[in-house]
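Participant: Show me how the following folds:
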Amino acid sequence: MSLNPLAGRKFLAAALPLLIVTLTFGPPSAVTAADADYDAVVANGVKYLASKQAADGSYSSQIGIGPTALATLALLEHGRGVSDPAVAKSLAYLEKAVRDDGGVYAANGRLKNYETCIALMCFNKANKDGKYDEIVKNAEKFVRGVQITDTDGIGEEDMNYGGSGYSGKTRPDLSNTAFLVDALVSSGAKEDDEAIQKALIFVSRCQNLESKYNTTKFAGKVNDGGFYYTPAVSGDQGDRGTPDGGLRSYGSMGYAGLKSMVYAGVDKNDPRVQAVLEYVKKNFDVSANPGMGQAGVFYYYQTFAKALDAFGEPTITDAAGVAHDWRKELIAELAKRQQADGSWANSNTQWMEGDANLATSFALLALADCQAK
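Facilitator: Next comes the predicted model:
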């Protein structure tokens with residue numbers, strides 16, 4: 001499902017010899033799990049989602065329009081067309097969430113940026129005949145407008161610069177900023193796009209790597225090359241903090257950082273890229289979200305798959321020298337986790353992943369990126 005398939009190939013070609021040194025990519029190793037029937041896993045997941053749609057076309061509307069946009073995007077990614085009854089009904093539901101400011105979000109407006117970014121990706125995928133041109137144009141303008149930049153009277157030295165939060169100009173974080181980049185790429189934005197380059201400034205400040213790109217007080221505390229949620233914080237960070245005042249890296253943010261750098265065209269020789277690739281090598285895992293366990297594991301799967309698909313390499317050799325066919329291993333893991341009714345759900349309910357519609361949408365999106373290009 002890579003929204004910019006050329007980006008990964010261009011990114012990979014920049015320094016192929018260097019890859020051999022740093023990650024030792026090679027032929028796939030044997031996977032311990034039996035090969036999964038990809039088509040059956042996907043078909044059962046798609047059937048489940050289509051059966052759980054509410055009469056108004058929504059999915060889990062009690063938590064906003066996000067699940068509806070994600071579910072519809074997942075169905076579109078797996079071959080359901082815009083004329084499919086379930087897809088058409090959900091698109092009509094999302095159209096009703098289009099606001100006067102161009103955003104596409106629930107009436108309470110708590111998640112304006114997050115929901116608009118996902119809806120924009122969904123409408124872009126559905127926009128085969130120009131039907132959604134106006135919605136797409138206005139939603140893209142909205143997403144660009146809520147990014148924290150010079151227009152807010154701040155400069156690049158500000159910790160918030162280039163980022164975006166759940167409602168836009170609120171406390172920015174890497175997850176929402178990565179969704180912003182994804183949304184712009186889905187609209188055709190290239191690596192030199194001004195908003196993407198500004199987002200890269202914020203993304204770089206979310207990396208546990210002390211460099212000229214990150215001079216925050218957190219940069220050198222952990223220094224493992226991974227990524228944390230946000231540097232725009234104060235006070236006790238709870239389970240995201242370290243005893244010495246650093247911020248812990250964790251898997252979903254690591255892949256969000258890698259993906260954002262791919263889309264921003266960062267060269268493979270860049271120390272930021274080398275550092276996160278080393279983090280990936282040391283923390284390769286399809287059984288859990290590294291650093292978070294089962295919390296947010298389905299969001300992790302979606303981010304993991306999308307980042308590695310954009311990156312463009314079919315195998316990764318971990319720190320123990322084991323080569324992993326990441327697509328094959330993720331498909332096997334998701335097949336193992338799939339319920340009898342075709343759904344997925346997380347027993348760890350943090351970030352609402354106990355909701356089967358949300359978890360199933362993330363799983364299907366991850367599976368879409370597991371299709372070899």
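
Participant: Near residue 366, how many other residues are there?
Facilitator: Residues near residue 366, counting by other Cβ atoms under 10 Å, number 28. The way it works is simple: take the backbone N, C-alpha and C, and place the C-beta from them, glycine included.

Participant: ditto for residue 267
Facilitator: 12.

Participant: separation between it and residue 119?
Facilitator: Between residue 267 and residue 119 the computed distance is 32 Å (Cβ to Cβ, to the nearest Å).

Participant: what does residue 62 give?
Facilitator: Counting by Cβ to Cβ - residue 62 and residue 119 are separated by 18 Å.

Participant: and those two? which has more neighbours close in?
Facilitator: residue 119 (30 against 8).

Participant: Read off the pLDDT value for the residue nearest to that one when sequence neighbours are not counted.
Facilitator: Leaving out its chain neighbours, the residue that sits closest to residue 119 by Cβ to Cβ, 6 or more residues apart in numbering is residue 104, at 3.7 Å. pLDDT recorded at residue 104 is 98.

Participant: In the stretch 251-373 of the chain, where is pLDDT below threshold?
Facilitator: Where the stretch 251-373 of the chain drops to pLDDT under 70, the residues are 373.

Participant: Just grab the bridge partners of the residue nearest to residue 119 for me.
Facilitator: residue 98 (DSSP bridges).

Participant: does it really touch residue 117, like I thought?
Facilitator: No - Residue 104 is beyond contact range of residue 117, at 9.1 Å (criterion: Cβ atoms under 8 Å).

Participant: Settle it for me: which of the two has more neighbours?
Facilitator: residue 117 (32 against 27).

Participant: residues in contact with that one?
Facilitator: Residues near residue 117 by Cβ atoms under 8 Å, 6 or more residues apart in numbering: 143, 176, 179-180, 182-183.

Participant: Kindly recompute the last result at 10 Å.
Facilitator: Neighbouring residues of residue 117 by Cβ atoms under 10 Å, 6 or more residues apart in numbering: 66, 69, 103-105, 111, 139-140, 142-143, 146, 164, 176-184, 186.

Participant: where does the residue lying closest to residue 244 once chain neighbours are set aside land on pLDDT?
Facilitator: Leaving aside its chain neighbours, residue 244 sits nearest to residue 221 (5.6 Å; criterion: Cβ to Cβ, 6+ apart). Here the pLDDT value assigned to residue 221 is 92.

Participant: so residue 279 sits right up against residue 248, yeah?
Facilitator: No - if you go by Cβ atoms under 10 Å, residue 279 and residue 248 don't touch, sitting 12.0 Å apart.

Participant: quick one, which of those two is more surrounded?
Facilitator: A count of neighbours by other Cβ under 10 Å puts residue 279 above the other of residue 279 and residue 248, at 24 against 19.

Participant: From the contacts of residue 117, list just the buried residues.
Facilitator: The neighbour count (16 or more other Cβ atoms under 10 Å) marks 66, 69, 103-105, 111, 139-140, 142-143, 146, 164, 176-184, 186 as buried among the contacts of residue 117.

Participant: Let's see which of these end up in helices.
Facilitator: Among those, the ones falling in helices (DSSP state H) are 66, 69, 139-140, 142-143, 146, 176-184, 186.

Participant: any idea how far residue 301 is from residue 368?
Facilitator: From residue 301 across to residue 368, the span is 11 Å (Cβ to Cβ).

Participant: These two: which is more packed in?
Facilitator: Between residue 301 and residue 368, counted using other Cβ under 10 Å, the more crowded position is residue 301 (28 against 21).

Participant: In which helix or strand does that one reside?
Facilitator: Secondary structure assignment for residue 301, by DSSP states H and E: helix 297-311.

Participant: Just the buried positions in stretch 221-237, please.
Facilitator: In stretch 221-237, the ones that count as buried by 16+ other Cβ under 10 Å are 221-233, 237.

Participant: Can you give me the distance of the residue positioned nearest the centre of the chain to residue 154?
Facilitator: By Cα atoms, centre = their mean, the chain has its centre lying nearest to residue 303, at 3.9 Å. Separation of residue 303 from residue 154 (Cβ to Cβ): 28 Å.
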